[in-house]
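>>> mind looking at a prediction? Sequence and model below.
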Amino acid sequence: MRCLLDTATLLFAGNAPQKLSARAEALVRSPTNTLELSSISLTEIAIKNAAGKLNFSAAEIRQVLEDLRIRILPYTQEHAFELFDLPVHHRDPFDRQIIAQALAEEIAVATPDAAFSLYRRLRVIW
């Protein structure tokens, strides 16, 4: 299965796997799944690092991506256009872009954020 990990899920999977739900852990650990991370999540981590809200180096994030075989999904104009029709159930701009990207790609998203479930076309795994 192809699945987009949100930022929190990536950080949990790489540094605090005990915080993953059983379903999310099975998803991340299965070699048959195609795990992806939005380029938006990399931006979010870098911005939050600079603001002192997170403490992860680029090297640490690269290592997690490699260890878990996660590929980066570029953010495209199709993803951005999905935002025009996206209801405002969630105000976080990073999360809204990840939601739009998952909807445009028609893939599930792994997230502990309950607000993602408010988007009726979005398949949430947690």
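Cool, the structure landed.

>>> okay, now the unreliable bits of the protein?
Applying pLDDT under 70 to the chain flags no residue at all.

>>> how about the helices in it?
Listed from the start of the chain, the chain has helices (DSSP state H) covering 7-15, 22-29, 39-50, 58-67, 77-82, 93-105.

>>> and the second one, how far out from the chain middle?
Distance, stretch centre to chain centre, for helix 22-29: 14 Å (Cα atoms, centre = their mean, to the nearest Å).

>>> counting contacts, what elements does that helix pack onto?
Applying 3 or more Cβ pairs under 8 Å, 6 or more residues apart in numbering; DSSP states H and E, one finds that helix 22-29 contacts helix 7-15, strand 108-110, strand 124-125. Backbone N, C-alpha and C define where each C-beta goes, glycine included.

>>> closest one to Asp95 among those?
helix 7-15 (8.2 Å; Cβ to Cβ).

>>> ok, the closest residue to Glu60 other than its chain neighbours - contacts?
Nearest residue to Glu60, sequence neighbours excluded (Cβ to Cβ, 6 or more residues apart in numbering): Gly14, at 7.6 Å. Under the criterion of Cβ atoms under 8 Å, 6 or more residues apart in numbering, the neighbours of Gly14 are 60-61, 63-64, 67-68.
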